[in-house]
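1. predicted coordinates and the sequence they were generated for:
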Amino acid sequence: MSDSYPLRVLFVFLAVVATGAAFAQPAPPPSPPADWGPVSMNLEEIEYPYPVSYLDFRIYNEDVRLAYMDVAPSGATNGRTVIFHHGGLYYGWYWEKQIAALSEAGYRVIAKDRLGWGKSSKPVIPYSINLWASNTARLMDHLGIEQAAVVGHSIGGQMVTRFAFLYPERTTHLVTVNQVGLTDRRKGRGFQPLTGEVDANPDMDQVYAGLLRWAEDNYVTWQPEFAEHMRIRYGQRLGGDWPHQAWVSRLTGQMRGMDTVVNDWQHIETKTLILGGAEDYPTYAEEARHAADVFPNGEAVNIPDVGHNPHEEVPDIVNAELIRFLGS
């Protein structure tokens, strides 16, 4: 219902911009650094900011495990829980600054790697938004959590929306961060059988060129730490498990043309925040405003001069908005 950049965080934004202008690297490395080597499919060599635990279960007749971080409050506890859901091609660790801020504010914070990504298993199964949403409920049952606020970035925003639709009694707050799929884009994208071989030996010059395009598309102000995403994605294509991982990526990507959450919105009574960087893509801010109007208890906050990953680009602003909204 609201659509403005809040004055309450204007000074934080100006400070972030000033800091970024002084210290940000203007662009990612023009070529892959010499020390970028292979990275395993399950990120065994990538250290997460908090201890990683695993939930073992069986699905589609396969044994799988779901990786997650479970961080206790570092400040006086408020008895509430927040569960973070990453976007496509990302991982739970990139919520590090939000985990720290909310833990300090008294929340128990869970950040999971969804099945098919990060340190979680990568089975060859029919992936779906419903599957990922139900896995959140499974994890809550495992951890003895009755209710939680759910936060999701990019395609993770679709997952948390579906979770709030399927499990309204278990959802205290719903937050999407630059969610993809704010309009129904399924038209003309019917089911496509996955055929053909995966390129086991991709042209690494083309891979890096694609990563440079990704960096330009996702961030307005580049910071050197963002290159960790590029290092992982580049390194995984050098790893021996790349063909399997690429096949799983096809499976997880195909569900984008098979489901939408836009028809869930009007049925979700949960307090909802549509939060994002306004410069994500040309129509994002308008679509966010529209979504907030459809949710019965929705509000939109569009952060100017910020791209697809605001929780990385302007973490102080995102943290302040999360603490404000989740405390309401």
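-> Nice, thanks for sending it over.

2. from here on, contacts and neighbour counts on C-alpha atoms
-> Fine.

3. which residues in the stretch 51-200 of the chain form helices?
-> 96-104, 129-143, 155-166 (DSSP state H, counting those that start in this stretch).

4. tell me which of these sits most buried.
-> Most buried of these, by mean neighbour count (mean count of other CA atoms under 10 Å): helix 155-166, with a mean of 26.

5. ranges for the strands of the stretch 201-328 of the chain?
-> Here the stretch 201-328 of the chain has its strands, by DSSP state E, counting those that start in this stretch, at 271-277, 298-303.

6. wait, which of those is closest to Glu146?
-> strand 271-277 (17.4 Å; CA to CA).

7. who are the packing partners of the closest one?
-> strand 171-177, helix 284-294, strand 298-303 (3 or more CA pairs under 8 Å, 6 or more residues apart in numbering; DSSP states H and E).

8. give me that answer again for 7 Å
-> With contacts taken as 3 or more CA pairs under 7 Å, 6 or more residues apart in numbering; DSSP states H and E, strand 271-277 sits against strand 171-177, strand 298-303.

9. what angle sits between the shortest one and strand 271-277?
-> What it means is strand 298-303. On the basis of axes from the mean of the first three to the mean of the last three CA atoms, to 10 degrees, strand 298-303 is oriented at 20 degrees to strand 271-277.

10. the first one now?
-> With the same axes, to 10 degrees as the criterion, the two stretches strand 171-177 and strand 271-277 enclose an angle of 20 degrees.

11. which ones are touching Thr252?
-> Contacts for Thr252 (CA atoms under 7 Å, 6 or more residues apart in numbering) come out as Tyr127.

12. how near is it to Ile155?
-> Separation of Thr252 from Ile155 (CA to CA, to the nearest Å): 11 Å.

13. same check, this time on Asn319
-> In terms of CA to CA, Asn319 sits 20 Å off from Ile155.

14. residue contacts, the nearest residue to Thr77 once chain neighbours are set aside?
-> Nearest residue to Thr77, sequence neighbours excluded (CA to CA, 6 or more residues apart in numbering): Gly106, at 4.1 Å. For Gly106, the contacting residues are Pro73, Ser74, Gly75, Ala76, Thr77, Asn78, by CA under 7 Å, 6+ apart.

15. show the pLDDT at Gly106.
-> Gly106 is assigned a pLDDT of 98 by the prediction.

16. with Arg170 instead?
-> Among the per-residue scores, Arg170 holds a pLDDT of 98.

17. so what's it up against?
-> Arg170 touches Glu146, Gln147, Ala148, counting by CA under 7 Å, 6+ apart.

18. can you tell me the centre-most residue of this protein?
-> Centroid-nearest residue in the chain: His86, 2.4 Å away (criterion: CA atoms, centre = their mean).

19. which ones are touching that one?
-> By CA under 7 Å, 6+ apart, His86 lies in contact with Gly92, Gly152, His153, Gly156.

20. you'd agree the last one is up against Phe84?
-> To tie it back to what came earlier, the one meant is Gly156. No - with contact defined as CA atoms under 7 Å, Gly156 does not reach Phe84; the gap is 8.5 Å.

21. how far away is the residue nearest to Thr77 from Ala72?
-> Per CA to CA, Gly106 is found 8 Å from Ala72.

22. same check, this time on Met159
-> For Met159, the distance to Ala72 equals 24 Å [CA to CA].

23. could you do Phe226 as well?
-> Counting by CA to CA, the gap from Phe226 to Ala72 is 26 Å.

24. more neighbours, the two?
-> Ala72 (18 against 15; other CA atoms under 10 Å).

25. partners of the nearest residue to the more buried one once chain neighbours are set aside in the sheet?
-> Distances taken as CA to CA, 6+ apart place Arg108 nearest to Ala72, at 4.8 Å, with adjacent residues excluded. For Arg108, the beta-bridge partners are Thr81 (DSSP bridges).

26. who does Phe57 bridge with?
-> Per DSSP bridges, the residues bridged to Phe57 are Val64.

27. got a pLDDT number for it?
-> 98.

28. just checking, it touches Asp63?
-> Yes - with contact defined as CA under 7 Å, Phe57 and Asp63 form a contacting pair (6.0 Å).

29. so what pLDDT did Ala18 get?
-> In this model, Ala18 is scored at 46, pLDDT.

30. now swap in Ile46 and tell me
-> 97.

31. what do you get for Ser4?
-> At Ser4, the pLDDT value in this model is 50.

32. the nearest residue to Ala227 once chain neighbours are set aside and Val306, how far apart?
-> Among residues not flanking Ala227 along the chain, Pro28 sits closest, at 6.6 Å (CA to CA, 6+ apart). Pro28 is 17 Å from Val306, where distance means CA to CA.
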